[in-house]
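Enquirer: got a predicted model here, sequence first, then my questions.
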Amino acid sequence: MAPVRVAGPEKRPEEVAAMFDGVARRYDLTNAVLSAGLDRTWRSATADALELRPGLRVLDLAAGTGTSSWAFAAHGASVVACDFSLGMLRVGRRRLRHRPAASGGGTVALVAGDGLALPFAEASFDRVTISFGLRNVVDVEACLAELARVTRPGGRLVVCEFSRPTWAPWRTVYMEYLMRALPGLARVVSSSPDAYVYLAESIRAWPDQPTLAGHIAGAGWTQVGWRNLTGGIVALHRAWRPA
Ligand SMILES: C[S@@+](CC[C@H](N)C(=O)[O-])C[C@H]1O[C@@H](n2cnc3c(N)ncnc32)[C@H](O)[C@@H]1O
C-alpha cells in the first residue's frame, strides 16, 4: 500500500483510517520503542484518572488495537473499544481470541465506528476516553460533543494526548527528538514509517493544554482540568458531563 502522509486540518477521514491500517501490524511494538516504554505509564495514568471499578461501562474511542482498553478492563470495567480502522481492530481481535477476559474480570468488545457519528445511544456510558486519538479526528469539537452525547449525565471524560512540555529546555529537546530522531527510528521499526512523519507534524500542530481545555468546555463538558505527564509530553484532560 502506498504510504499516506497527511497532517493538519486538511486530513481526510479515509486517509487517516488507511494510514492506521498501514501501521497496524507493528503499531504496539513501534509505540513501545518510540516512547522508550513510557506509553505503559501513560496508559496506566489514564486508567487511574478514569477511576474505574467493576460494572462501569466505558467507551474507549479511537481504541486502535485495544491496548488501553485491556488496561481499563483489568479494573473490572466493561469496555467498548471503538475505532474506524478495520486494520487496527483486526490486530485487536487476534489478541481478544487469546484473552477473552481481562485479569480483573472486565471485558473488551471491539466495535467499528466513527467518532463523529458513534453507533451508540445517548447516555450509554459511565466513562468515555480517547488516547492518542483526538489529534487524528477531523473535527475535534464535533467528536467531543458526540462523546458527551453518549455519556450519562455526571459521567466522566478523560483525554490522553500528546501535548506541550512546559519547561522550555525540555520542550526544545523533545521537539528535536520529534522532528529529527523519531522519523529515523520509525524507519527501523514501523511497517509504514511515513505515518510517523505525520505523527511528528500532527503533534507540533496540536493545541497546548489550555487551548484543548477550551475546546473541551466548548463541546459541552464542565469542570475541565488537566495533568501533565512526563513534563507535558502528554497531558491528561479530565471533564464531566453536566448532571
Ligand atoms: C494513534 S492511534 C491510537 C490508538 C490507541 N488509542 C492507543 O492508545 O494506542 C489513533 C487511532 O484513532 C483512530 N481514529 C482516528 N479518527 C477516528 C474517528 N473519527 N473515529 C474512530 N477512530 C478514529 C485511528 O483509526 C487510530 O486507530
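Expert: Arrived safely, thanks for sending.
Enquirer: the ligand contacts on this protein?
Expert: Listed as neighbours of the ligand in the chain under the rule Cβ under 6 Å from any ligand atom: 13, 16-17, 20, 62-64, 67-68, 83-85, 88, 114-116, 131-133, 136-137. Where C-beta positions appear, they are placed from N, C-alpha and C, glycine not excepted.
Enquirer: if we use 8 Å, what do you get?
Expert: 13, 16-17, 20, 24, 27-28, 31, 39, 43, 60-68, 82-85, 88, 113-116, 130-133, 135-138, 143, 160, 199 (Cβ under 8 Å from any ligand atom).
Enquirer: just the buried residues of these.
Expert: 16-17, 20, 24, 27-28, 31, 39, 43, 60-68, 82-85, 88, 113-115, 130-133, 135-138, 143, 160, 199 (16 or more other Cβ atoms under 10 Å).
Enquirer: quick one, helices of the chain?
Expert: Per DSSP state H, the chain carries helices over the ranges 13-23, 27-34, 38-50, 67-73, 86-98, 140-149, 168-176, 182-189, 194-205, 209-218.
Enquirer: right, and Gly66 touches Ala109 too?
Expert: No: Gly66 is not in contact with Ala109 according to Cβ atoms under 8 Å; the separation is 9.6 Å.
Enquirer: between these two, which contacts overlap?
Expert: Residues touching both Gly66 and Ala109 (Cβ atoms under 8 Å, 6 or more residues apart in numbering): Ala81.
Enquirer: show the contacting residues for whichever residue of the chain sits closest to the ligand.
Expert: Nearest residue of the chain to the ligand: Gly64, at 2.6 Å (Cβ to the nearest ligand atom). By Cβ under 8 Å, 6+ apart, the contact list for Gly64 reads 20, 24, 27, 83, 85, 88, 92, 132-133.
Enquirer: now do the helix or strand of the chain with the lowest mean pLDDT: everything it contacts.
Expert: One helix or strand of the chain scores below all others by mean pLDDT, DSSP states H and E: helix 182-189, with a mean of 84. The set of residues external to helix 182-189 that reach it, using Cβ under 8 Å, 6+ apart, is 26, 29-30, 33-34, 193, 195-197, 199-200.
Enquirer: which of those count as buried?
Expert: 30, 33-34, 193, 195-197, 199-200.
Enquirer: turn the residues you listed into a markdown table, including pLDDT.
Expert: Rendered in a markdown table, the data for the buried ones among the contacts of helix 182-189 read as follows (pLDDT from 0 to 100):
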| residue | pLDDT |
| --- | --- |
| Thr30 | 89 |
| Val33 | 89 |
| Leu34 | 89 |
| Pro193 | 77 |
| Ala195 | 81 |
| Tyr196 | 83 |
| Val197 | 84 |
| Leu199 | 87 |
| Ala200 | 88 |
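Enquirer: go through the helices of the chain and pick out the most buried.
Expert: The highest mean neighbour count among the helices of the chain, using mean count of other Cβ atoms under 10 Å, belongs to helix 67-73: a mean of 26.
Enquirer: so Glu141 makes contact with Ala219?
Expert: Yes: at 4.9 Å, Glu141 counts as touching Ala219 under the criterion of Cβ under 8 Å.
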